[in-house]
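**Student:** I would like to see how this sequence folds:
(chains A and B)
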Amino acid sequence: MSKEISNKGYLQKDPWENLRSLSKARIALGNSGGSLPTKEVLSFQADHAFTKDAIYSDLKKEELLQQLKEFDLPLYQFQTEVSDRKEYLKRPDLGKKLAETSKSENGDFDILFILTDGLAADAINERAIPLLKDIIPKLKEDYKIGLCLVKFGRVAIGDEIAEKVGAKFTAVLIGERPGLSSPKSMGIYTTFEPKSGITDERRNCISNIHEDGLSIAKASELLQYFINESFRRKISGVKLKANLPDQIDRK
Amino acid sequence: MAKATPERSGDVLAGIAAEDNKERIAAQYCLSEIPLKAMLNDLVIPYEKDEVTRLIIDDHDAKAFKPISSLTVAEFRDYLLSYEVDGTILKDLAPGLTPEMAAAVSKIMRNQDLISVAQKIEVVTKFRNTVGKKGHFSVRLQPNNPSDDPKGIAASIIDGLMYGCGDAVIGINPATDNPQEVSKLLKQLDDFRQQYEIPTQNCILSHLTTTLEIIDKAPVDLIFQSISGTEKTNSSFGIDLHLLQEAYDAGTELNRGTIGNQMMYFETGQGSSLSANAHHGVDQQTCEARAYAVARKFDPFLVNTVVGFIGPEYLYDGKQIIRAGLEDHFCGKLLGLPMGCDVCYTNHAEADQDDMDSLLTLLGVAGCNYIMGVPGADDIMLNYQSTSFHDAMYLRKVLNKRPAPEFEEWLLKMGIFDEQGNRKELKEQMLKLKS
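**Tutor:** Purely as a prediction, here's the structure:
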């Protein structure tokens, strides 16, 4: 008769667990016969599950539009040439083009805030409005502001939209590629004098806006800095980034 | 060529893929009838336009090519698979092959063919240890940290060593690519290696120009660079063949290897040329094979394809990633390179750890030289999933493979592994490594 196994003797622990405090890396996991212990397999898969779901989350358009209306600013809504999530992932080129049916009037804005789902719609669903609520009151007096919501957009969609409605500066709020530990992360890309066909070195980026990353308040502070500096120096991109003041702590 | 390529999203994105399955198989029939020697004249990117093409043609060894010079692509596949053709014959053949020949034949080979031929070929390289011998399987220990924090990096290194990883290289992708930071990291790794007399080599995967800047002052073991298969793509990476030669010469002069002095480390990956808009209408797998012509010019210690890192717009799902990984390993080995593979995916690709297990196992059978070892397969700096220390343990166990011989001896000496290659039950007091 086989004996009942009563303890966890078949699991090897790693006696350097104290090193875990030094890094967020998955270290000192232990092993069963060289393979991962069950606990660690499930924990990894749980993180991956949240991450995958974030990618396939949907932009809550109606809710967002309702909330955007409350700012009482000109509001636009656009479509890209992408028709579903699968196409979005496979065809980055289509996410940078507006569907031909998109029509609009010229608004001649200083700043246009553009919300798009990117690779994690939930990041926009949850973090875009709080950020706008924080920053718009601080900018309203000095700048003419417009708002825009676009589904299945890439960062560069902001350039075509800016040309279409007229804007000197765009801030594209977009869901970032989710990492295992940060599935709902928002990024903001700012561009001074956006034009179709410009490349990324013309943009400034504020990334990792999520629960364990950059807070809404800090992101707003940074964004305000980029806006004011861009208008003062009439540039955006790598040249601006070099002069980021030290007093803004990115954490 | 493009239309004959098994389906992948990158070729569709580039607008060069077959329209449907019927067109693809028709293209494969056409390709199979092309004589290999036609590929020496009918160039995918013109000679005048591209220095990689010039390298391929100028370095082609007609004598080595002679035995197969009358074969078509179809006949070449049969030849490669035949009993008579063994590793020695394939090794002699390599200088006679162009990347386009390797890519062409791979397009009419099934996954098992790619494995079957690749496992005949042994490519052994040496620096402070021996990587690539049959029956051995090595791992790059990849202790990346989002802020290059020395303590965080040390913690990951210790973890990896305790699982028998790090024999291919201990290699860090720096979060900040500047000379001071990279020098600091190199010094940390070198001190650690010397303190514990670890028979391995280190590398900070900074840009080649950064490495060249510090090579006289910092302890540079392996010289790293990402490379690609067209001049224009390489130029978007900020390099050309001349610069690579300069780095190779500087590395040769350092002479830091103990049992060999192969010190170049290259990374590649399908899709990079399309991503840089520099593919000249050539499919992404052929572009990738052309990168191997660049690599072999500099007698590298390690080459690996970072197969799933680039994202679903180039390789959509697990199936496409697995196929591409096997193609890259096959083409690299056929061209004589010490191929490893970063078996990996990003979260927006339609893939998961099960797909990585499959590719990892297939590559192990194919005789892949090394994989990446990332703590828990989760790279907290680059935000993608690769293979873990545990994955390496698994593979060595099921395929009965050992670490690099010199490194295995060290693992035994330190009491980390037993003679069977199993991890010993480590007690605190046995833990000789301290951060």
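**Student:** C-alpha only now, for contacts and for neighbours.
**Tutor:** Will do.
**Student:** Now do the strands in the stretch 1-150 of chain A.
**Tutor:** A:75-79, A:109-116, A:145-151 (DSSP state E, counting those that start in this stretch).
**Student:** what's the angle between the longest one and strand A:75-79?
**Tutor:** The one in question is strand A:109-116. 50 degrees (axes from the mean of the first three to the mean of the last three Cα atoms, to 10 degrees).
**Student:** in its sheet, what does strand A:109-116 sit against?
**Tutor:** Sheet pairing for strand A:109-116, assigned by DSSP bridges, gives strand A:145-151 (parallel), strand A:167-175 (parallel).
**Student:** Which residues of chain B lie near chain A?
**Tutor:** Neighbours of chain A within chain B, by Cα under 8 Å from any Cα of the partner chain: B:9, B:13, B:145, B:151-153, B:155-156, B:159, B:312-314, B:316, B:347-348, B:375-380, B:383-384, B:390-391, B:393-394, B:422-423, B:425-428, B:431.
**Student:** Tell me which of the strands paired with strand A:109-116 sits most buried.
**Tutor:** The highest mean neighbour count among the strands paired with strand A:109-116, using mean count of other Cα atoms under 10 Å in any protein chain shown, belongs to strand A:167-175: a mean of 26.
**Student:** gap between the residue nearest to residue A:130 when sequence neighbours are not counted and residue A:223?
**Tutor:** In space, and not counting its chain neighbours, residue A:130 is closest to residue A:216: 7.2 Å by Cα to Cα, 6 or more residues apart in numbering or on different chains. According to Cα to Cα, to the nearest Å, residue A:216 and residue A:223 sit 10 Å apart.
**Student:** What is the neighbour count of residue 233?
**Tutor:** Here I'm looking at chain A. 10 (other Cα atoms under 10 Å in any protein chain shown).
**Student:** meant chain B, my bad for not saying
**Tutor:** 22.
**Student:** buried stuff in whatever helix or strand it lives in?
**Tutor:** Residue B:233 belongs to helix B:231-236 when assigned by DSSP states H and E. Of the residues in helix B:231-236, those with enough neighbours to count as buried (16 or more other Cα atoms under 10 Å in any protein chain shown) are B:231-234.
**Student:** any idea of the mean pLDDT for that helix?
**Tutor:** Mean per-residue pLDDT for helix B:231-236: 94.
**Student:** try stretch B:360-373
**Tutor:** pLDDT averaged over stretch B:360-373 gives 98.
**Student:** The closest residue to chain A within chain B and residue B:379: what is the separation?
**Tutor:** Distances between chain B and chain A by Cα to the nearest Cα are smallest at residue B:313, namely 4.1 Å. With distances taken as Cα to Cα, residue B:313 is found 21 Å from residue B:379.
**Student:** and what of residue A:198?
**Tutor:** Taken as Cα to Cα, the span from residue A:198 to residue B:379 is 31 Å.
**Student:** same deal with residue B:267?
**Tutor:** 17 Å.
**Student:** hang on, the earlier thing: could you say what helices and strands the helix holding residue B:233 packs with?
**Tutor:** Under the contact criterion of 3 or more Cα pairs under 8 Å, 6 or more residues apart in numbering or on different chains; DSSP states H and E, helix B:231-236 touches no helix or strand at all.
**Student:** what about it, distance to the chain center?
**Tutor:** 19 Å (Cα atoms, centre = their mean, to the nearest Å).
**Student:** got any ranges where the stretch 151-251 of chain A has weak pLDDT?
**Tutor:** A:241-251 (pLDDT under 70).
**Student:** one step back: minimum distance to residue B:56: which of the strands paired with strand A:109-116 has it?
**Tutor:** Nearest of the strands paired with strand A:109-116 to residue B:56, taken as Cα to Cα: strand A:167-175 at 42.9 Å.
**Student:** Whichever helix or strand comes after the closest one pairs with which strands, parallel or anti?
**Tutor:** Following strand A:167-175 in sequence order, the next helix or strand is strand A:186-192 (DSSP H and E). Using DSSP bridges, the strands paired with strand A:186-192 are strand A:167-175 (antiparallel), strand A:203-209 (antiparallel).
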